[in-house]
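J.: Whatever this is, show me its structure:
(one chain, ligands or ions: 1)
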Amino acid sequence: MHIAFIGVGNMGGGMALNLVTAGHDVRAFDLSADALARVTAGGATAAASAGEAADGADVIVTMLPAGTHVRAAYEATLFAAARADAVLIDCSTIDVETARSLGEAAAARGLAMVDAPVSGGTAAADAGTLTFMVGGPAAAFAAAQPILEAMGKAVIHAGGPGMGQAAKICNNMILGATMIATAEAFVLAEKLGLEAQTFFDISSKASGQSWSMTSYCPVPGPVPTSPANRDYAGGFAAALMLKDLKLAAQAAATAGASTPMGGQAESLYQLLVNNGFGSDDFSGIIRLLRG
Ligand code: NAD
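T.: Numbers count the residues shown, from 1 in each chain. Prediction:
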């Protein structure tokens, strides 16, 4: 297929290259020449604009920073440039309302569109092992599924337009809050004289267990692959966790949902980012809790 890929940065670059590997003809556009150079070196073609990339494409994928960029790209260019039978896939993490309104605007034009945000960082984007949470009509989901499968290990239909984003921010709100609770517990255990490894051995098999503890433990040692073992470098940046918690707070305000734990998590990640640790992995919040 001829696939237009708009936004080939840290995530989109690896994703576009996996589409090339799957045998697709990928035409990429990005404002950054460096980002474009990486994908052209891997076999994609560079387009001079989003419209040129989308012209005649079977599929259009976007992987952009935030809702404002996504809205601008679709409303200014992509809706008009898309073929009537093209499949439109936005993989960016954006606010539910923008995703929902763009999905509805696409449907009103007779275009198939899904919001398909991802779980998994740049390593999963490069390896083609992302999880996609997809919102949109059933027919649009069915059309997008084989393309998403070339970039991920799981593709799940979450519901109508915007529901992929809803699933993503609800999931990450749990993640932000459980990471803080887990980190607090390790600091308290430390201060009480309980060995971190011993506490892990007990709690990972007891009711305190969570992904934050057993896959991403915030202290070095118990889980050798967790970012704590490399001084919190790489991984899922605290600034991106803060972005997702802000999106969750915005959605909660619109929907009239009480999310006090999500709100606390947002405040603490804001403090971490304000202190200059935005590019560290989000499990580095334990350093803030230690004082
Ligand atoms: P990034 O900044 O590395 O990439 C975004 C790219 O979009 C950049 O290369 C930028 O030049 C380009 N861009 C911006 N405006 C554009 C426009 N109008 N036209 C064309 N290109 C444009 O960001 P990223 O880390 O790849 O993240 C992309 C999205 O994925 C974000 O919504 C982020 O929240 C989400 N996400 C990121 C991660 C992660 O670990 N990095 C994980 C899950 C989800």
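J.: And residue 6, its phi and psi?
T.: Residue 6 has phi and psi values of phi -110, psi 120 when expressed as degrees, to the nearest 10.
J.: Pull up the gap between it and the ligand, please.
T.: 5 Å (C-beta to the nearest ligand atom, to the nearest Å). Quick note: C-beta positions are derived from backbone N, CA and C, even for glycine.
J.: Show the model's pLDDT score for residue 218.
T.: On the pLDDT scale, residue 218 is placed at 98.
J.: Name all residues that make contact with it.
T.: 179, 182-183, 186, 212, 226, 228, 283-286 (C-beta atoms under 8 Å, 6 or more residues apart in numbering).
J.: who wins for most neighbours among those?
T.: With neighbours taken as other C-beta atoms under 10 Å, the top of these is residue 179, carrying 28 neighbours.
J.: Residue 285 is in contact with that one, correct?
T.: Yes: counting by C-beta atoms under 8 Å, residue 179 does reach residue 285; the two are 6.3 Å apart.
J.: neighbours around residue 222, how many?
T.: 21.
J.: quick revisit: could you pick out which of the contacts of residue 218 are also in contact with the ligand?
T.: Counting by C-beta under 6 Å from any ligand atom, nothing from the contacts of residue 218 sits close to the ligand.
J.: Of the residues you listed, just say which sits nearest to the ligand.
T.: residue 283 (13.7 Å; C-beta to the nearest ligand atom).
J.: now the helices: where do they sit in the stretch 101-250 of the chain?
T.: Along the stretch 101-250 of the chain, counting by DSSP state H, counting those that start in this stretch, helices occupy 122-127, 138-149, 163-191, 196-203, 211-214, 238-255.
J.: near the ligand, which residues of the stretch 1-150 of the chain?
T.: 6-7, 9-12, 29-32, 35, 50, 63-65, 69, 73, 92-93, 118, 121-122.
J.: Swap in 5 Å and give it another go.
T.: Within reach of the ligand by C-beta under 5 Å from any ligand atom, the stretch 1-150 of the chain has these residues: 7, 9-11, 30-32, 35, 64, 69, 92-93, 121.
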